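S.K.: any chance you could fold what I've pasted below:
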Amino acid sequence: MAHSATYALVASRERAQTGAVPWYIWCCLLAILSSSVGSAWDIAWHKSIGRDSFWTPAHVLIYLCGVLAGLGCAYLILSVTFRKESALRDRSIAMWGFHGPLGAFICVWGAVGMITSAPFDNWWHGAYGLDVKILSPPHMLLALGMLAIRFGTVVLILAEANRAEGAYREKLEWVLLCAFAFLLAMTIGVEEELTNRVFMHGAKFYVVVMMAAPVWMAAVARAFRHRWAATIVTALYTALHLAYLYTLQFVPAEPKLGPVYQKVTHLIPPDFPLLVVAGAIVFDLVRRWMAQWGRWAQSVALGGAFLVGFVAAQWPFADFLMSPMSRNRIFATNQFPYMMPPMWAPVRHVFVLTEHTPGQFWGRMALALAVAVVTTWIGLGWGEWMQRVKR
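M.R.: Numbers count the residues shown, from 1 in each chain. Alright, predicted model coming up:
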């Protein structure tokens, strides 16, 4: 035990001096990047070509995430379990006789979910036909697996960062901000079918966004020391989304399935990213004035600030996205999936009303505010827990 403690202390000092991020964190980050690129590519593939085979490059990249994270974290758990002198032995949890960091166990379970979804998805398409729906049962199982790997990676980084000091902690915090950006992108991406620009002048759209974004804004703001933490995370999410938008549309492609309603000559990229960065800026400005407030008071102020900032930016921007000025490669509002009929609202560039009276609209906007407050409260609680994670 003394030898183990000495080894752990030496390893900790070496990392503090060299700033070397552990290999298993890089492995999980590579897995997350693989699934992020693969998901964006796969959705574009479905919109442009159709589902011609399970073994497309995009599918391979997605499931590579489960393989990398699963094998890497399984090896980490086994090495900690069977090597009594492991530096992580005293900083691990025990589960079913195995020892390892909490984040590693979460990643392994996420990998199991991802790999399980593969044959389920293949069977689903064979039984119910080829589609591009995101919210199908096998896709939701896949999404839960990817979300677990992202969250497990965040926990792995937190456990390391909460034991670190100085320059090494600062480096880990930037790595953690990147991991949070992937979490934000994942949760917003799952809602893609409900956040199309045709819904942006309806209150339902804002209810949906408030279910996903504020929780991560609050968590990262509470877990980090940086005063612009939420803004940085949303800026990274925006940059990642724009990278896919400005890359995929230059890849040649043509439909292989019918019916074909739209002429497609290249991969259809994702829509322009939501302006959550505007809400995050207001969020970060407001939270500086309420450090001593209780959690519920902060939740009301911060959730409301995020909603107001987001609506103030997204509402007029939606008008721009519907205008002819946005129909170019920069905003890509004139690029449609091959199976989209010409009479559908996105093709005609018109809004879809989700509320039909002022009472319905303001009632749902009040609901959006309530959802923002609750998700902010949950995020602040997670952030407090994250500050204590050391295993």
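S.K.: shouldn't residue 190 be in contact with residue 144?
M.R.: No. In this structure, residue 190 is not within contact of residue 144 by C-beta atoms under 8 Å, at 9.5 Å. (C-beta placed from N, C-alpha, C; glycine too.)
S.K.: now do the helices in the stretch 151-300 of the chain.
M.R.: In the stretch 151-300 of the chain, the helices defined using DSSP state H, counting those that start in this stretch lie at 166-190, 203-210, 213-223, 229-248, 276-287, 295-322.
S.K.: report the buried residues of whichever helix or strand comes after the longest one.
M.R.: Next in sequence after helix 295-322, counting helices and strands by DSSP states H and E, comes helix 345-348. For helix 345-348, the neighbour count (16 or more other C-beta atoms under 10 Å) marks 346-347 as buried.
S.K.: so for helix 345-348, mean pLDDT?
M.R.: Averaging the model's pLDDT scores along helix 345-348 yields 92.
S.K.: likewise stretch 284-292?
M.R.: Across stretch 284-292, the average pLDDT comes to 83.
S.K.: list the buried residues for that stretch?
M.R.: Quick answer for stretch 284-292 (16+ other C-beta under 10 Å): 284, 286-287.
S.K.: need these in CSV (columns: distance to residue 68).
M.R.: Below are the buried residues of stretch 284-292 laid out as CSV (distance: C-beta to C-beta, whole Å):
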residue, distance to residue 68
284, 33
286, 39
287, 35
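S.K.: doesn't residue 149 make contact with residue 104?
M.R.: No. Residue 104 lies out of contact with residue 149 (C-beta under 8 Å); the separation is 10.7 Å.
S.K.: low-scoring stretches of the stretch 101-250 of the chain, by residue?
M.R.: 118-136 (pLDDT under 70).
S.K.: at 90 what do you get?
M.R.: By pLDDT under 90, the weakly predicted segments of the stretch 101-250 of the chain are 101-104, 108-148, 150-152, 154-176, 178, 183, 186-194, 212, 217, 220-227.
S.K.: pLDDT score for the closest residue to residue 279 other than its chain neighbours?
M.R.: Distances taken as C-beta to C-beta, 6 or more residues apart in numbering place residue 310 nearest to residue 279, at 3.5 Å, with adjacent residues excluded. What the model reports for residue 310 is a pLDDT of 96.
S.K.: so how many other residues sit close to residue 310?
M.R.: For residue 310, the count of nearby residues is 26 (other C-beta atoms under 10 Å).
S.K.: can you verify my assumption that it contacts residue 209?
M.R.: Yes. The pair residue 310 / residue 209 is scored as a contact, 6.8 Å apart, by C-beta under 8 Å.
S.K.: can you list residues touching both of these two?
M.R.: Taking C-beta atoms under 8 Å, 6 or more residues apart in numbering as the contact rule, residue 310 and residue 209 both touch 274, 276.
S.K.: tell me the domain boundaries of this structure?
M.R.: The record's domain parsing of the chain by automatic domain parsing lists 1-187, 191-391.
S.K.: before we move on, the earlier item: how about the contacts made by the residue nearest to residue 279?
M.R.: Contact partners of residue 310, counting by C-beta under 8 Å, 6+ apart, are 206, 209, 213, 274-276, 278-279.
S.K.: including distance to residue 332 and neighbour count, could these go into JSON lines?
M.R.: JSON lines is the format used below for the contacts of residue 310 (distance: C-beta to C-beta, whole Å; neighbours: other C-beta atoms under 10 Å):
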{"residue": "206", "distance to residue 332": "23", "neighbour count": "24"}
{"residue": "209", "distance to residue 332": "20", "neighbour count": "27"}
{"residue": "213", "distance to residue 332": "22", "neighbour count": "30"}
{"residue": "274", "distance to residue 332": "14", "neighbour count": "25"}
{"residue": "275", "distance to residue 332": "16", "neighbour count": "20"}
{"residue": "276", "distance to residue 332": "18", "neighbour count": "29"}
{"residue": "278", "distance to residue 332": "20", "neighbour count": "20"}
{"residue": "279", "distance to residue 332": "23", "neighbour count": "29"}
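S.K.: and of these, the nearest to residue 65?
M.R.: residue 213 (22.7 Å; C-beta to C-beta).
S.K.: how about the nearest residue to that closest one, chain neighbours excluded?
M.R.: In space, residue 213 is closest to residue 276, 5.1 Å off (C-beta to C-beta, 6+ apart).
S.K.: state the pLDDT value of that neighbour.
M.R.: 95.
S.K.: same deal with residue 19?
M.R.: Listed pLDDT for residue 19 reads 66.
S.K.: residue 360 too?
M.R.: At residue 360, the model reports a pLDDT of 94.
S.K.: skip the chain neighbours and tell me the closest residue to it.
M.R.: Nearest to residue 360 is residue 203, by C-beta to C-beta, 6+ apart, at 7.7 Å.
S.K.: surely the one you found touches residue 355?
M.R.: Yes. In this structure, residue 203 is within contact of residue 355 by C-beta under 8 Å, at 5.6 Å.
S.K.: name the residues contacting each of those two.
M.R.: Common neighbours of residue 203 and residue 355, counting by C-beta under 8 Å, 6+ apart, are 361, 363-364.
S.K.: list just the nearest of the residues you listed to residue 83.
M.R.: Lowest distance from residue 83 to those (C-beta to C-beta) belongs to residue 364, with 55.5 Å.
S.K.: mind checking the SS state of that closest one?
M.R.: helix (DSSP: H, G, I helix; E, B strand; the rest coil).
S.K.: that one: what's it in contact with?
M.R.: Residue 364 is in contact with 202-204, 206-207, 354-355, counting by C-beta under 8 Å, 6+ apart.
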